[in-house]
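Colleague: Fold the following for me, if possible:
(chains A and B)
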Amino acid sequence: DTEVTQTPKHLVMGMTNKKSLKCEQHMGHRAMYWYKQKAKKPPELMFVYSYEKLSINESVPSRFSPECPNSSLLNLHLHALQPEDSALYLCASSQGPGDYEQYFGPGTRLTVT
Amino acid sequence: QKEVEQNSGPLSVPEGAIASLNCTYSDRGSQSFFWYRQYSGKSPELIMSIYSNGDKEDGRFTAQLNKASQYVSLLIRDSQPSDSATYLCAVNAGAFNAGGTSYGKLTFGQGTILTVHP
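Modeller: All right, here's what the predicted structure looks like:
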């Protein structure tokens, strides 16, 4: 089973709101990722968690705050977003932090108004 | 800057034909290569991974890797209308933290839109 789940599927938020995106995997994977994908563009890496520790932050603005409560869960906390942050946010996981296959969840489509 | 280039497309093939998707990458140190299929409005789905030079076959899909030429391709045999999607080539080019440890970072090509017409 290579399933990664994400909630919510869709989210509309104002620029002053605080919201959170959630991701869960039960494959025993030890690396989890957040990607952002704009329309007609490929996914871009935001964060990498390895063994529940933040390992890579790709210079993402502080209005995006990741959290890894345990080995199965990954959250992305959103605050004071801009309209240009509207995108598909994808969570992925892999067996480990190296050259492993990454499996994506269905994504959360975020619209910032 | 590490880059991944795909044939621009869009690519249109008749049902039953072979679709050929190509990808080149700039980082000679890359070790793992992936093909993802993405239907419109959906997330990327992993369809093939390849780590060694040569061919790897899985059903109607064959991935080919040539590290000397920095080239990876995907062949889809007996193409079906359900294969119509955007195909993303991804290369694990590595991302390094402050301690110098490498973590998986997929660098994607821009994607090739494939249409299989009946």
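Colleague: Pick out the residue closest to the middle of the chain.
Modeller: Picked chain A for this. By C-alpha atoms, centre = their mean, chain A has its centre lying nearest to A:W34, at 3.1 Å.
Colleague: actually it's chain B I care about, not the one you picked
Modeller: Nearest to the geometric centre of chain B sits B:C89, at 2.7 Å (C-alpha atoms, centre = their mean).
Colleague: So the residue nearest to the centre of chain A: helix, strand or coil?
Modeller: Local secondary structure at A:W34 is given as strand here, using DSSP: H, G, I helix; E, B strand; the rest coil.
Colleague: Can you tell me the closest non-neighbouring residue to the residue in chain B positioned nearest to chain A?
Modeller: For chain B and chain A, the shortest gap (C-beta to the nearest C-beta) falls at B:F108, measuring 3.4 Å. Where you see a C-beta, it was placed from the backbone N, CA and C, and this is true even at glycine. Using C-beta to C-beta, 6 or more residues apart in numbering or on different chains and skipping the chain neighbours, the partner closest in space to B:F108 is A:P42 (3.4 Å).
Colleague: Now do the contacts for A:M32.
Modeller: With contact set as C-beta atoms under 8 Å, 6 or more residues apart in numbering or on different chains, A:M32 has these partners: A:23, A:25, A:48-49, A:68, A:74, A:91-93.
Colleague: Near chain A, which residues of chain B are found?
Modeller: Proximity of chain B to chain A is confined to B:31-32, B:34, B:36, B:42-46, B:49, B:51, B:88, B:92, B:95, B:97, B:101-106, B:108-111 under the rule C-beta under 8 Å from any C-beta of the partner chain.
Colleague: that older thread, enumerate every residue touching the residue nearest to B:F108.
Modeller: Residues counted as contacts of A:P42 (C-beta under 8 Å, 6+ apart) are B:88, B:108-111.
Colleague: Where does chain A get nearest to chain B, which residue?
Modeller: Residue of chain A nearest chain B, by C-beta to the nearest C-beta: A:P42 (3.4 Å).
Colleague: ranges for the helices of chain A?
Modeller: Counting by DSSP state H, no segments of chain A form helices.
Colleague: okay, and for it, where does confidence drop off?
Modeller: Along chain A, segments meeting pLDDT under 70 span A:1-2.
Colleague: immediately after the helix or strand of chain B with the lowest mean pLDDT, which helix or strand?
Modeller: Here the helix or strand of chain B ranked lowest by mean pLDDT, DSSP states H and E is strand B:95-96, holding a mean of 70. Toward the C-terminal end, the helix or strand that comes next after strand B:95-96 (DSSP states H and E) is strand B:102-103.
Colleague: what about that following strand, distance to the chain center?
Modeller: Averaging C-alpha positions (C-alpha atoms, centre = their mean, to the nearest Å) puts strand B:102-103 21 Å from its chain's average.
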